[in-house]
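In: can you look at this prediction? I've put the sequence above it.
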Amino acid sequence: MEQFSQQLINALVLGGIYALIAVGYTMVYGIIELINFAHGEIFMFGAYFAFTLVTVFNLPFWVALPLSMLLCAGIGMLMDLVAYRPLRNAARLSALITAIGVSIGLQNLARIIWGARQRPFPSESLPAFLRQGIPPSEPLSAFSLTETAIALPGGAFLPYRDLCIILLALALMIALNRLVSLTKIGKAMRACAQNRVAANLMGINTNRVIVITFAIGSALGAVAGVMVGIKEIIEPTMGYYKGVAAFAAAVLGGIGNITGAMVGGLLIGFAEVFGAGYIPYGYGSGYRVAIAYIVMIAVIIIRPSGLFGKSTATRA
Amino acid sequence: MRDKLTPKNIIFFSIVGFFPLLMYAVDYINLLLSYRDIFLPTPSGDYILYTVVQVGLYTLLAVGLNIVCGFTGLLDLGYVGFYLVGGYTAGLLMVRLGFSYWMVLPLAVLNGALWGLLRGAPTLRLTGDYFAIVTFGFAELLYRIVKNEIWLIGDINGFVKNIPHITFFGIKLNQNWHHYYHILILLALVIFVTYRLQHSRVGRAWVAIREDEQAAASMGINVSRYKSLAFAVSAAIGALGGAFLAPFSSIISARTFEFWESILILCMVILGGKGSIKGSVIGAIILGSLSEILREILSNFPQFGGARYLIFGIILVLLMRYRPDGLIFKKA
């Protein structure tokens, strides 16, 4: 029971992170029908930007986080302007191949800039309540936990850090939902997703809407990157693994559907944590990443429209 | 490409045929000069030969990938999965069961074709980016399996070590010039088969499916059957490459079959021009040599280890922007 509630917390945290990344995939796909392979790399850059701002420029964490969001939004916009916009009317597979090229390029750029080794987020730069309560190697003991975690009935601990991640993810999701359903730019986005040509004819500057979509998705991805940085580790390949899992989440929820991406993110988070925790003989941990792949393949083959998506005739 | 005995062809084939001799001559001259304390800044001929064998292997894979990507027009992001199947079929059978290479070669090819059909069956209905994503996931799953199933592979991280050399009537084929002629024969065979397929009823059916699947079906082409055939042939060629790799490098590991390798091969096909065998060969030669040269240069700068793939990424983006049909493109 104790293990179960601990896993539940981990699943919520991971699910929240996946949901934040998946939203970026799904928003871009909804409007320009492009699988933005490089979105995972943006997420990785978010973590590295925050890391650099905190360690090299000695900025406080609460300044580094929004700055990192801004920088990532900039990269997302630049990516659209340089790589994707010229291909807007080209064959769709060309755009996908470009996205893969951008992804490889950015990942290896990060490897050149920051090196290939794994780096932890420097915990001394974090606010006290976000610091790691328990080193993952040590067994749980109430002694080290009381300062950084809330003891839950049943023996599990909810670290403040995890609580913060869950609440921040939730807040951002609600904000995004409000933005898309209530504001003028949100309305423009929905119009573009329904029919880009018609939206353009109605006087919507579709190119501007697309750039803003990239910026929003990238900023949310950056937050997710920082979250993974403070909870796990920062490395150049993190965008690739987490990116694929988040893409699986977007597919599961029905690609193009923002609510679907949020639900899909949570579900993939749960599948991964409980799969890794409860499948015996160490299979779970070795195949942790593979769970997302299996879900993704199964959804595409059995129900390509996902849980919430509208079924369309082709995905050419 | 009609086989005429023009002077150009004679020169071409004699260079290809006597290339190892040329390289060993370079080594011999270097050796002679070194007695006189003259050191030419040339890489060793044997090393060049080794690199050429690797480029030949990439060419084989590019020609195989071109069948699915070029002829039937489906984006395959998991081609390395079949390379993996061939490599591990050959490696494990040779190490564990002591099979001879010549027995393993057809088995690996058949196994590859089988996996191609297995992957093809559920993806027949898929097109475009959904097909790409499923192929990507498939290769990643295979990669996870060889990395994790220690009972099957026998070592961590998918290492199969001490794969025996190829023997031919008792002669050990372990020199680089042996490998050179070996890959040359395999490549010639593969190009011949692919060329004949391309210019047959089958090849025309593939191109018809690429151009318009519904129109092809309404003209009486059995789309599922021809697509499955393309998957099987393409996968078999990938597995052939893997079966060659196992004794050639005498050690295989899961890292050889990472996703980026698929992208590198895809990059070769696209650079040359999808749907053209000649294009795939030229693309593979250009990028394969570039890859090896960069590896050699960058080995002096360990901090720029990622630069090789950064350059491939930039090449992909630039190609899609300015020459989406490749450098050499002939409408089939």
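Out: All right, it came through fine.
In: walk me through the domains of chain B.
Out: B:1-42, B:50-260 (automatic domain parsing).
In: most tightly surrounded among those?
Out: domain B:50-260 (a mean of 20; mean count of other CB atoms under 10 Å in any protein chain shown). From N, CA and C alone the C-beta is placed, and that goes for glycine too.
In: just the strands from chain A, written as ranges.
Out: For chain A, the strands defined by DSSP state E cover A:149-151, A:157-159.
In: just checking, which of the ones you listed comes out with the lowest mean pLDDT?
Out: Among these, strand A:149-151 carries the lowest mean pLDDT, a mean of 72.
In: what about that strand, distance to the chain center?
Out: 26 Å (CA atoms, centre = their mean, to the nearest Å).
In: now it: buried residues?
Out: A:A149 (16 or more other CB atoms under 10 Å in any protein chain shown).
In: please enumerate residues in contact with stretch B:99-119?
Out: For stretch B:99-119, contacts defined as CB atoms under 8 Å, 6 or more residues apart in numbering or on different chains pick out B:78, B:81-82, B:85-86, B:89-90, B:93-94, B:134-135, B:138, B:164, B:166-167, B:228, B:231-240, B:242-243, B:247.
In: tell me which of the strands of chain A sits nearest to chain B.
Out: Evaluated with CB to the nearest CB, the strands of chain A place strand A:157-159 nearest to chain B, the distance being 29.8 Å.
In: and chain A, which of the contacts of stretch B:99-119 reach it?
Out: Filtering the contacts of stretch B:99-119 for proximity to chain A by CB under 8 Å from any CB of the partner chain leaves B:134, B:138.
In: chain A contacts on the stretch 201-332 of chain B?
Out: Counting by CB under 8 Å from any CB, the stretch 201-332 of chain B comes close to chain A at B:259-260, B:263, B:266, B:270, B:303-310, B:312-317, B:320-321, B:324.
In: let's see that with 10 Å instead.
Out: Proximity of the stretch 201-332 of chain B to chain A (CB under 10 Å from any CB of the partner chain) is limited to residues B:213, B:259-260, B:262-264, B:266-267, B:270, B:274, B:301-322, B:324-325.
In: among the contacts of stretch B:99-119, which ones are in helices?
Out: Judged by DSSP state H, the subset of the contacts of stretch B:99-119 located in helices is B:81-82, B:85-86, B:89-90, B:93-94, B:134-135, B:138, B:228, B:231-240, B:242-243, B:247.
In: next, A:N205: phi, psi?
Out: With angles defined as degrees, to the nearest 10, A:N205 shows backbone torsions of phi -80, psi 90.
In: and for it, the neighbour number?
Out: 13 (other CB atoms under 10 Å in any protein chain shown).
In: contacting residues for it?
Out: With contact taken as CB atoms under 10 Å, 6 or more residues apart in numbering or on different chains, A:N205 is in contact with A:188, A:192, A:199, A:211-212.
In: okay, the residues you listed in TSV with neighbour count next?
Out: Below are those laid out as TSV (neighbours: other CB atoms under 10 Å in any protein chain shown):
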residue	neighbour count
A:A188	21
A:C192	23
A:A199	21
A:V211	20
A:I212	20
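In: which two from those end up farthest apart in space?
Out: A:A199 and A:V211 (14.5 Å; CB to CB).
In: how about the residues of the stretch 51-200 of chain A by chain B?
Out: Checking the stretch 51-200 of chain A against chain B by CB under 10 Å from any CB, the hits are A:82-84, A:86-87, A:90-113, A:115-116.
In: quick one, phi psi at residue 256?
Out: With no chain named, the answer covers chain A. phi 100, psi -10.
In: that one and chain B, how far apart?
Out: 12 Å (CB to the nearest CB, to the nearest Å).
In: distance of B:L294 relative to chain A?
Out: 12 Å.
In: which residues touch that residue?
Out: B:L294 sits in contact with B:304, B:307-309, B:311-312, where contact means CB under 10 Å, 6+ apart.
In: what's the most distant pair in those residues?
Out: Top of the distance list for the contacts of B:L294 (CB to CB): B:F304 and B:F312, 14.0 Å.
In: which one's more surrounded, those two?
Out: Shown here are B:F304 and B:F312; by other CB under 10 Å, B:F312 has more neighbours (25 against 16).
In: and the spatially closest residue to the more buried one that is not a sequence neighbour, which of the three is it?
Out: Nearest residue to B:F312, sequence neighbours excluded (CB to CB, 6 or more residues apart in numbering or on different chains): B:C267, at 5.5 Å. Assigned state for B:C267: helix (three-state reduction, DSSP: H, G, I helix; E, B strand; the rest coil).
In: okay, now B:C267: neighbour count?
Out: Neighbours of B:C267 (other CB under 10 Å): 26.
In: same check, this time on A:Q194
Out: Residues near A:Q194, counting by other CB under 10 Å, number 11.
In: so where do the helices sit in chain A?
Out: Going by DSSP H, chain A shows helices at A:2-32, A:39-55, A:61-79, A:92-114, A:142-145, A:160-182, A:184-194, A:196-201, A:206-231, A:238-253, A:258-278, A:283-286, A:288-302.
In: rank those helices by mean pLDDT and give me the bottom one.
Out: Looking at these, the weakest mean confidence is helix A:142-145, a mean of 50.
In: find the closest residue to chain A in the stretch 151-300 of chain B.
Out: For the stretch 151-300 of chain B, CB to the nearest CB, closest residue to chain A: B:I263, 6.1 Å.
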